[in-house]
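> predicted structure and sequence below. I'll ask about it afterward.
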Amino acid sequence: MIYKVYYQENANEIPVRENTKSLYLEATSEREVREKLKDRNYNIEFIQLLEGNYLEYEQASPNFVLEEI
């Protein structure tokens, strides 16, 4: 399954919407996504499972790059 993760790069700063970034990650569950990213100092805001039309839409975006962790 492919997940889209919305995050702030620094967990010690106050989240600002304009600084929110996203990445795409393949994992079997949301818990696995968090485990894969735990060594990074990210403030994870939201993890979204991408399926069906949502996945197709995201894959059509030029920003779609699947992270290899």
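Noted; the coordinates are in hand.
> how about the helices of this protein, start to end?
Here the chain has its helices, by DSSP state H, at 30-37, 52-60.
> so can I have JSON lines of these showing distance to Y24, mean neighbour count and mean pLDDT?
Yep, even glycine has a C-beta here, placed from its N, CA and C like the rest. JSON lines is the format used below for the helices of the chain (distance: least, CB to CB, whole Å; neighbours: other CB atoms under 10 Å; pLDDT from 0 to 100):
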{"stretch": "helix 30-37", "distance to Y24": "10", "mean neighbour count": "15", "mean pLDDT": "95"}
{"stretch": "helix 52-60", "distance to Y24": "7", "mean neighbour count": "11", "mean pLDDT": "94"}
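> can you redo those as JSON lines with distance to Y6?
Shown next, in JSON lines, are the helices of the chain (distance: least, CB to CB, whole Å):
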{"stretch": "helix 30-37", "distance to Y6": "12"}
{"stretch": "helix 52-60", "distance to Y6": "13"}
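> any idea which of the ones you listed gets closest to E67?
Ranking these by proximity to E67 (CB to CB) places helix 30-37 first, at 8.3 Å.
> what sits up against the least confident helix or strand in the chain by mean pLDDT?
Using mean pLDDT, DSSP states H and E, strand 66-67 stands out as the lowest-scoring helix or strand of the chain, at a mean of 91. Residues lying outside strand 66-67 but in contact with it, judged by CB atoms under 8 Å, 6 or more residues apart in numbering, are 2, 23-26.
> going through these, which ones are buried?
Among those, those scoring as buried are 2, 23-25 (criterion: 16 or more other CB atoms under 10 Å).
> which of those lies closest to Y42?
L23 (9.1 Å).
> check contacts around that closest one.
Applying CB under 8 Å, 6+ apart, the residues near L23 are 4-5, 7, 65, 67.
> what's the neighbour count on the closest residue to I2 other than its chain neighbours?
Of all residues not flanking I2 in the chain, L50 sits nearest, at 4.9 Å (CB to CB, 6 or more residues apart in numbering). Using other CB atoms under 10 Å, L50 has 17 other residues around it.
> appreciated, that's everything.
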